[in-house]
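Student: what follows is a predicted structure for the sequence shown.
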Amino acid sequence: MSLSHPSGAPARTRLSARLALACALGSVAALVAASGPGGLLVLVTGLVGAALTAVGTWWMLAHHGVVRVFGALLMVGVPVAVLIVYARADLWPAVLTAVALWGAGVVCARSALRGLRQPQGMVAVARSLPRHPVLIMNPKSGGGKVGRFGLVEKAEALGARVVLLDPAVRTDVASIARQAVAEGADLLGVAGGDGTQARVAEVAADHDLPFLVVAAGTRNHFAMDLGLDREDPARCLEALADGEELRVDLGVVGGHTFVNTASFGVYAEVVQRPDYRDAEARSALDAMPDLLLGYTGHTLDAVTDEVRLESQQALLISNNPYAAPEPMTTGLRRSRLDLGVLGVLGIRVNNAAQAADIALRGSKAVGLNVLTSRQVVIGSDAGSIPVAVDGEALSMPAPVTCSIRPGALRVLVPRRRPGAPAASPRVHWREVVALAFSRPGHAAEARAGRERGS
């Protein structure tokens, strides 16, 4: 985060902080003012409901047979029961008012904190446009986006040479990329999934060539966090005529480059199954009980820059940390890909009580670890460790080292693009309170002090 001095910012940030506190107090007051013991009923019912839903989810994932069925009933039935309790007790006005006020309070709190810590995105710089770009395209990726959006024709019209992969033949895209470099390519690009993007990005980084991401995959997480248009991948090609360059990091796991994540443990075990690609949900449900409850012989230990995580069931190592989603949004996103650190998420859940703890306390729960590190060494009591690298199944000899290559990749992006989301500061209510009651000049002084210390 960088700090700025916009005109009038101290007054606006204090006002936002005070509005945040007013909304938070109003949310509590709405519950307390509910008729009879209603305020307490709303709180207790909500907490118990969240805990039971988490317990049901755990039983459904970690067991077979009757226990799984009962867990599924809890997972679905408890939220419905909570809604019925609210309806029968005529608590809807209080609940809706409390939720709306709390949501408004969080929005105002984030606005206040942004006033002190103005988020800064990745810096784009102007570069000369490529003269001999080579794009590798997978016609099968994303359900046929290459053909559906006419990407071959549009790329060639912009002067690119297109290498169209044959879906029926297993192809080493890294070799194709290296051959293109040997023949004089001054840009490499990929229209395909994140796994293919990573293999060609490694070649581009090794030769210090710009790299073009065309969002023609199924999920396109890398393209999303670069701020590219995932709805119309043809817009990514505009970078060939009117582009600018971003410097981003690359993750490395056991010598393999990744642009998004390397997963170990439960998820990595699931994607190793032969039937995973054809029936992902069913395959995962079939495997979960053995992986969660019978996880003997395959526990994971991770050593980061500062801590050691022991006996983890799952570890997610990401190329730069993911931020928690904003209200009314789905999924996790990275607003920065140039921080020079790996995101680390470790989880260990042995029973329903620990699952409920995570549901209620999130990152503060004992079974969940969220941190960052420049390097992570992952060990196991097994000789090899299953790893899902950008969703692709691999197996690596233990221990496995994950590291980061800061600023290794030059990414050419269109100057006109949706853009990556700005990082929202985490809401610490103690800081919001201090800001709300600060003196008129105190916010500016605090901000200047922060700048001197940064």
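Tutor: Received the coordinates, thanks.

Student: ok, now which ones touch the residue nearest to residue 223 when sequence neighbours are not counted?
Tutor: Counting by CB to CB, 6 or more residues apart in numbering, residue 215 is the residue found nearest to residue 223 once chain neighbours are left out, at 3.7 Å. For the C-beta atoms, the positions are set from N, CA and C on the backbone; glycine is no exception. Residue 215 sits next to 223-224, 228-230, 233, 236 when contact means CB atoms under 8 Å, 6 or more residues apart in numbering.

Student: could those go into TSV alongside distance to residue 412?
Tutor: Compiled in TSV, the contacts of residue 215 are given as follows (distance: CB to CB, whole Å):
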residue	distance to residue 412
223	13
224	17
228	11
229	15
230	17
233	15
236	9
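
Student: in helices, which of those fall?
Tutor: Secondary structure defined by DSSP state H assigns 223-224 of these to helices.

Student: give me the buried entries from the contacts of residue 215.
Tutor: Buried members of these, scored by 16 or more other CB atoms under 10 Å, are 223-224, 228-230, 233, 236.

Student: residue 128 belongs to a helix?
Tutor: No. Secondary structure of residue 128, determined by DSSP: H, G, I helix; E, B strand; the rest coil: coil, with no helix assignment.

Student: what about it, distance to residue 187?
Tutor: Taken as CB to CB, to the nearest Å, the spacing of residue 128 relative to residue 187 amounts to 11 Å.

Student: look at these two and report which has more neighbours.
Tutor: It is residue 187, of residue 128 and residue 187, that has more neighbours when counted by other CB atoms under 10 Å, with 23 against 9.

Student: show me where the stretch 301-450 of the chain has helices.
Tutor: If you assign secondary structure with DSSP state H, counting those that start in this stretch, the helices in the stretch 301-450 of the chain sit at 352-361, 429-436, 442-453.

Student: helices or strands up against the second one?
Tutor: Packing partners of helix 429-436 (3 or more CB pairs under 8 Å, 6 or more residues apart in numbering; DSSP states H and E): helix 9-32, helix 92-116.

Student: for it, give me every contacting residue.
Tutor: Contacting residues not belonging to helix 429-436 are listed as 13-14, 17-18, 20-21, 24, 109, 112-113, 116, 443 [CB under 8 Å, 6+ apart].

Student: among these, which one lies nearest to residue 394?
Tutor: Of all the contacts of helix 429-436, the one with the least separation from residue 394 (CB to CB) is residue 113, at 40.3 Å.

Student: and that closest one, what does it touch?
Tutor: With CB under 8 Å, 6+ apart as the criterion, the residues that contact residue 113 are 13, 425, 427-428, 431-432, 435.

Student: do you know how far it is from residue 341?
Tutor: In this structure, residue 113 lies at 21 Å from residue 341, with CB to CB as the measure.

Student: related to what we said a few turns ago, comparing the helices of the stretch 301-450 of the chain, which gets the lowest mean pLDDT score?
Tutor: Confidence, taken as mean pLDDT, is least for helix 442-453 of the helices of the stretch 301-450 of the chain (a mean of 46).

Student: my read: residue 265 touches residue 311, true?
Tutor: No. Distance between residue 265 and residue 311: 10.5 Å, which falls outside the contact criterion (CB atoms under 8 Å).

Student: find the residues that touch each one of the two.
Tutor: residue 300.

Student: higher neighbour count, the two?
Tutor: For residue 265 versus residue 311, neighbours defined as other CB under 10 Å are more numerous around residue 265 (27 against 11).

Student: quick check: closest non-adjacent residue to the more buried one.
Tutor: Ranked by CB to CB, 6+ apart and with sequence neighbours excluded, the top spatial neighbour of residue 265 is residue 314, at 3.6 Å.

Student: and if you look at residue 68?
Tutor: In space, residue 68 is closest to residue 60, 5.2 Å off (CB to CB, 6+ apart).

Student: what does stretch 194-208 rub up against?
Tutor: Outside stretch 194-208, the residues within contact range by CB under 8 Å, 6+ apart are 136, 138, 141, 173-174, 177-178, 181, 187-190, 210-211, 213, 217, 219-222, 250, 256-260, 389-392, 405, 408-410.

Student: next one: stretch 160-180
Tutor: Applying CB under 8 Å, 6+ apart, the set of residues contacting stretch 160-180 is 132-140, 146, 152, 155-156, 185, 188-190, 192, 196, 199-200, 202-204, 237, 240.

Student: C-alpha coordinates for that stretch, CSV please?
Tutor: Output for stretch 160-180, consisting of C-alpha atoms alone and laid out as CSV, is shown next (Å, rounded to 0.1, in the frame of the first residue of the first chain):
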residue,chain,number,x,y,z
ALA,A,160,1.3,-12.4,-35.3
ARG,A,161,2.3,-15.9,-36.4
VAL,A,162,-0.1,-18.5,-34.9
VAL,A,163,0.9,-22.0,-33.9
LEU,A,164,-2.4,-24.0,-33.6
LEU,A,165,-2.1,-27.1,-31.4
ASP,A,166,-3.5,-30.4,-32.4
PRO,A,167,-5.8,-31.5,-29.5
ALA,A,168,-5.4,-35.1,-30.5
VAL,A,169,-1.6,-35.0,-30.0
ARG,A,170,0.2,-34.5,-26.7
THR,A,171,2.4,-31.5,-27.4
ASP,A,172,5.3,-30.0,-25.5
VAL,A,173,4.4,-26.3,-25.7
ALA,A,174,7.6,-25.2,-24.1
SER,A,175,9.6,-26.8,-26.9
ILE,A,176,7.4,-25.0,-29.4
ALA,A,177,8.1,-21.7,-27.6
ARG,A,178,11.8,-22.3,-27.5
GLN,A,179,11.8,-23.1,-31.2
ALA,A,180,9.9,-19.8,-31.9
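
Student: quick check on the contacts of residue 113: which are buried?
Tutor: Going by neighbour count (16+ other CB under 10 Å), the contacts of residue 113 have 13, 425, 427, 431-432, 435 buried.

Student: re the thing from before, residue 72: which of the contacts of helix 429-436 is nearest?
Tutor: Ranked by distance to residue 72 (CB to CB), the contacts of helix 429-436 are led by residue 24 at 35.4 Å.

Student: number of residues surrounding that closest one?
Tutor: 21.

Student: how about residue 123?
Tutor: Neighbour count of residue 123, defined by other CB under 10 Å: 10.

Student: mind listing what it touches?
Tutor: Listed by CB under 8 Å, 6+ apart, the contact set of residue 123 reads 246-247.

Student: look up phi and psi at it.
Tutor: When read as degrees, to the nearest 10, the backbone of residue 123 gives phi -90, psi 120.

Student: check the gap between it and residue 310 for me.
Tutor: If you measure residue 123 against residue 310 using CB to CB, the figure is 39 Å.

Student: low-confidence stretches in the stretch 1-150 of the chain?
Tutor: 1-10, 34-43, 58, 61-64, 89, 115-120 (pLDDT under 70).

Student: tell me what the strand or helix carrying residue 249 is packed against?
Tutor: Counting by DSSP states H and E, the element that carries residue 249 is strand 243-253. Strand 243-253 sits against strand 124-126, helix 194-206, strand 256-258, strand 261-265, strand 314-319, strand 400-414, with contacts defined as 3+ CB pairs under 8 Å, 6+ apart.

Student: perfect, I'm done here.
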